[in-house]
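Asker: The sequence isn't on hand, but the structure is:
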């Protein structure tokens, strides 16, 4: 199982919406996200910036939150999305 | 390249590629002379201003009034976003969008200072229910 990352921000409403969906997905499927807050943790921010060339082209040229990212496949899912879309994306990374 | 310009009549400061033909403050014509950034900083520094959360809320409401968008009506959402905007100002120096991360390239990051130019973004442009990326501004319902 590839490691999956959810880059999120403490005061981001989209992240707040997605967090319980991520929890639900982790309970229902064999997936696990490393949840990394980026505005209040510089180490996490630097990690997200280090993937900028992979993430930005798929997120309108920016580093947006939430961003779901697979360091192995470099695949990206960006923003507030329906549960099924998140699920399909996560399963695809297996 | 953008430069600093000073109105020789009223000391209005303009930052832009070209000086305004008419000073918006005193209405003098052809009144701007190019100055250095140090001069501009010295002159603008005479007026020390701060902006509280209440004042920022008023400022963005006023900003939206004459536009086709408005501040989101979901109070809790707005408060969360303002928490982020002000945390970013305190920690990073500018009111960066709480839903995007800075790149550490200052010029690049000016694009994510709130309010940003969200009119051109895919989340707003040509969308009936368009909103800025974070959702602070939403298209006004007709």
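Answerer: Good, I have the coordinates. Just so you know, these numbers come straight off a predicted model, no measurement behind them. Numbers count the residues shown, from 1 in each chain, chains lettered A, B, ... in the order given.

Asker: which SSE is residue A:53 in?
Answerer: helix A:52-55 (DSSP states H and E).

Asker: The closest residue to chain A within chain B: how many residues sit nearby?
Answerer: Chain A sits closest to residue B:84 of chain B, with a gap of 2.8 Å, by C-beta to the nearest C-beta. Where C-beta positions appear, they are placed from N, C-alpha and C, glycine not excepted. Neighbours of residue B:84 under the rule other C-beta atoms under 10 Å in any protein chain shown: 25.

Asker: ok so, going back, in the helix holding residue A:53, which residues are buried?
Answerer: By 16 or more other C-beta atoms under 10 Å in any protein chain shown, the buried positions in helix A:52-55 come out as A:54-55.

Asker: cool, stretch B:6-26 as well?
Answerer: Using 16+ other C-beta under 10 Å as the burial criterion, the residues of stretch B:6-26 that qualify are B:6-7, B:12-14, B:19-20, B:23.

Asker: need the residues of chain A near chain B, please.
Answerer: A:7, A:9-16, A:38-40, A:45, A:48-49, A:52, A:60, A:62-65 (C-beta under 8 Å from any C-beta of the partner chain).

Asker: Recalculate using a threshold of 10 Å.
Answerer: Neighbours of chain B within chain A, by C-beta under 10 Å from any C-beta of the partner chain: A:7-17, A:38-40, A:42, A:44-46, A:48-49, A:52, A:55-56, A:59-67, A:79-80.

Asker: Looking at those residues, which are in helices?
Answerer: Cross-referencing the residues of chain A next to chain B against helices under DSSP state H gives A:13-17, A:42, A:44-46, A:48-49, A:52, A:55.

Asker: Chain B - how does it break down into domains?
Answerer: Taking automatic domain parsing as the domain assignment, the ranges for chain B are B:3-44, B:53-139.

Asker: which one of these is the most hemmed in?
Answerer: Counting by mean count of other C-beta atoms under 10 Å in any protein chain shown, domain B:53-139 has the highest mean neighbour count of these, with a mean of 16.

Asker: just how off-centre is it within its chain?
Answerer: Mean-position distance between domain B:53-139 and its chain equals 9 Å (C-alpha atoms, centre = their mean, to the nearest Å).

Asker: How about stretch B:134-142?
Answerer: The answer for stretch B:134-142 is 17 Å, by C-alpha atoms, centre = their mean.

Asker: What average pLDDT does it get?
Answerer: Across stretch B:134-142, pLDDT averages out at 92.

Asker: What ranges in chain B fall below the confidence cut-off?
Answerer: Applying pLDDT under 70 to chain B flags no residue at all.

Asker: who touches the biggest helix by length in it?
Answerer: In chain B, ranked by residue count with DSSP H as the criterion, the top helix is helix B:75-92. Under the criterion C-beta atoms under 10 Å, 6 or more residues apart in numbering or on different chains, residues A:9-13, A:16-17, A:39-40, A:42, A:45, B:51-54, B:56-57, B:60, B:71-72, B:74, B:94-99, B:102, B:104, B:109, B:112-115, B:132, B:134-136 lie in contact with helix B:75-92.

Asker: Which of the domains of chain B sits closest to residue A:73?
Answerer: Across the domains of chain B, residue A:73 has its closest neighbour in domain B:53-139 (21.2 Å, C-beta to C-beta).
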